[in-house]
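Enquirer: here is my input; please provide its structure:
(chains A and B)
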Amino acid sequence: MTSESAQSGAGRPSLRKPARPGTATSGPTKNARPTKRVRGRAGWIVAIVFAFLYALDAFQGLSNLIGLTQSFASVDVAMPGNAVFTLVGLIVVPILVYALILWGTRRLRAGSALLVFLVGFAVVAVITLDLQSLYRSIVPFVI
Amino acid sequence: MARDPDDDALSWGDENDPTYAAPHPEALDEDDLEEDIPIVDAFSSSAPAPPLAPLSPHASSRAVAVESLGEASAQHPAPATTPAAPATTSVAPTMTSAPEAAATAPTRTVEEEADAAEDAAAERDLAAAEKEAEPLSSAGLIAFGLFGGIFLLYTVGWLVTFIRNPVADTSLAGIVQSAQNILAIAAPALWLIVTLLVGAKRRVPVRVVWLLIGVVVLLPWPFLTGY
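Expert: Numbers count the residues shown, from 1 in each chain, chains lettered A, B, ... in the order given. Have a look, this model is predicted:
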C-alpha cells in the first residue's frame, strides 16, 4: 500500500503539463472567477497599425513646427506665443488621443477597438483643422 | 391424472379461479410475500432468525456470534472464530442499507442544487436578453435623433470648410491634409455610429454623455470663425 501510494504520488506530477512561466498565474485565476478581457493579438495589430497613422499626424505637426519656426527665423520675426502653442498642439494631440484610446479600448474586442481608433483618427483630424484655423487667425499672413 | 388448468376456459390464474391451486411457499416471489411472513436467511447459521432484527448492528452481530460460538464450542472448542464469520456476513446487508440511504440523500440535494443553479442561470440569461431586446424609451429615441441632426449639421459645416480650403499639394503633407479634411467630414457620422454601436449595451444616459462630448469636440471651428 505504501509502495502504491508512493507510486501514485510520483506519477501525479508527470501527468500534469508544466506551466509556462508567463501563464503560471493566469490558469487558476481564470477558473476561479471570470477574468476581465484583455487585448488580444488582433487588438494589438489594430493598435500598431493605427499607431503608424497617428504618428503620421504627429510627424506632420512636427514638420509644421520646424518649418514655420525656420520661416519666422529667416525673416527675423518672432513667432507669437499662441501660434507656437497651436503648433505644439498639432504634435501633442495625436499622441494624447492615441494614448487615451489605447487605454480606453483595453477591454474591447478588436473590431470595436478598430472602430474607436478610426473615430479617434477622425477626431485628431478635426482638432488638427481646428488648430490650423486657430493658427491662421493668429498669423493671418503667409511667410 | 390431474386436469391442466390452462385447458379450462375459466382459468384466470388467481385465487378467484375455481381451478386455482396455491403454489408452494418456496416458489413465491418477493411481491407475493406478505408483511407478516418472516424473512428467513438461508445462509445464516442461525436459521430460525427472529423476524425483527435489533437496530444496533454491533448488538445483533454480537448476539449471533455468541449463539454460533455456543454451538461451535459444543462441537469444536478450538476454532471459535470461524463460524462467526458467516454470521457477520449475514448481518452485513442489513447494516449497509442505512448508509446507502444516507448516501443517496446528499446526492439528491446536490442534484437539486445543480437544478436550482441552472434555473437561476437561465432566468438571468432570459432577463438579460429581455433587457437587451427592450426598445428604446421615447426620450432616448428623441435624444439620439436630436444628436443625429446636430451631427448632420456638423458634417455640412466640415464639408463647407473643405470646399473653402482646397488642397492641391501632392506631397506627403498635402495627402495628409486632404485625408484630414475628408476624415473631418466623416467624423460626426463616425462618432454617432460608433457611440451607438460600441455603447449599445450601455445605459442611455451614458451614450448621451458620449454624444455630448462629440458635440463639443467635433464643432466645425473653421466654419464658424471663417479662417
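Enquirer: so which elements touch the one helix or strand residue A:44 maps to?
Expert: Per DSSP states H and E: residue A:44 is located in helix A:41-74. Judged by 3 or more CB pairs under 8 Å, 6 or more residues apart in numbering or on different chains; DSSP states H and E, helix A:41-74 is in contact with helix A:81-104, helix A:110-138, helix B:172-198. Every C-beta, even on glycine, is put in place using the N, C-alpha and C of the backbone.
Enquirer: can you pull the contacts of residue B:184?
Expert: A:122, A:125, A:126, A:129, B:158, B:161, B:162, B:220 (CB atoms under 8 Å, 6 or more residues apart in numbering or on different chains).
Enquirer: go through those residues and say which is closest to residue B:201.
Expert: Using CB to CB, residue A:122 is the member of these that sits closest to residue B:201, with 23.2 Å.
Enquirer: which residues does that closest one contact?
Expert: B:183, B:184, B:186, B:187, B:190, B:191.
Enquirer: try residue A:89
Expert: A:61, A:127, A:131.
Enquirer: if we only consider those residues, which is nearest to chain B?
Expert: Closest approach between the contacts of residue A:89 and chain B, by CB to the nearest CB: residue A:127, at 7.4 Å.
Enquirer: look up the closest residue to the closest one, ignoring the ones flanking it.
Expert: Distances taken as CB to CB, 6 or more residues apart in numbering or on different chains put residue A:93 closest to residue A:127, at 5.0 Å, once the chain neighbours are dropped.
Enquirer: would you confirm that the one you found contacts residue A:124?
Expert: Yes: contact criterion CB atoms under 8 Å: residue A:93 and residue A:124 qualify, at 5.9 Å.
Enquirer: which neighbours do the two have in common?
Expert: Once CB under 8 Å, 6+ apart is applied, the residues that residue A:93 and residue A:124 both contact turn out to be residue A:57.
Enquirer: returning to that earlier point: columns distance to residue B:124 on top of the contacts of residue B:184, output as TSV?
Expert: Below are the contacts of residue B:184 laid out as TSV (distance: CB to CB, whole Å):
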residue	distance to residue B:124
A:122	38
A:125	43
A:126	42
A:129	48
B:158	45
B:161	50
B:162	50
B:220	46
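Enquirer: what's the closest of these to residue B:127?
Expert: Closest approach to residue B:127 among those (CB to CB): residue A:122, at 37.0 Å.
Enquirer: quick one: contacts for the residue nearest to the closest one when sequence neighbours are not counted?
Expert: Ranked by CB to CB, 6+ apart and with sequence neighbours excluded, the top spatial neighbour of residue A:122 is residue B:187, at 3.7 Å. Residue B:187 makes contacts with A:119, A:122, A:123, A:125, A:126, B:154, B:158, B:218, as judged by CB under 8 Å, 6+ apart.
Enquirer: re the thing from before, pick the most deeply packed of the helices and strands packed on helix A:41-74.
Expert: helix A:110-138 (a mean of 22; mean count of other CB atoms under 10 Å in any protein chain shown).
Enquirer: near chain A, which residues of chain B show up?
Expert: B:158, B:161, B:172-173, B:176-177, B:179-181, B:183-184, B:186-187, B:190-191, B:194, B:197-198, B:217-219, B:221-222, B:225, B:227 (CB under 8 Å from any CB of the partner chain).
Enquirer: tell me where the model's unsure across chain A.
Expert: By pLDDT under 70, the low-scoring segments of chain A are A:1-34, A:143.
Enquirer: domain parsing of the chain, as residue ranges.
Expert: You didn't pick a chain, so chain A it is. A:2-32, A:41-138 (automatic domain parsing).
Enquirer: hm, I was asking about chain B
Expert: According to automatic domain parsing, the domains of chain B span B:9-94, B:135-225.
Enquirer: any idea how far residue B:115 is from the residue nearest to residue A:127?
Expert: 57 Å (CB to CB, to the nearest Å).
Enquirer: ok, back up a step: how about the contacts of residue B:187 in CSV, adding distance to residue B:144?
Expert: Listed next are the contacts of residue B:187 as CSV, based on distance: CB to CB, whole Å:
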residue, distance to residue B:144
A:119, 17
A:122, 20
A:123, 20
A:125, 24
A:126, 21
B:154, 15
B:158, 21
B:218, 16
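Enquirer: please consider this matter closed, and thank you.
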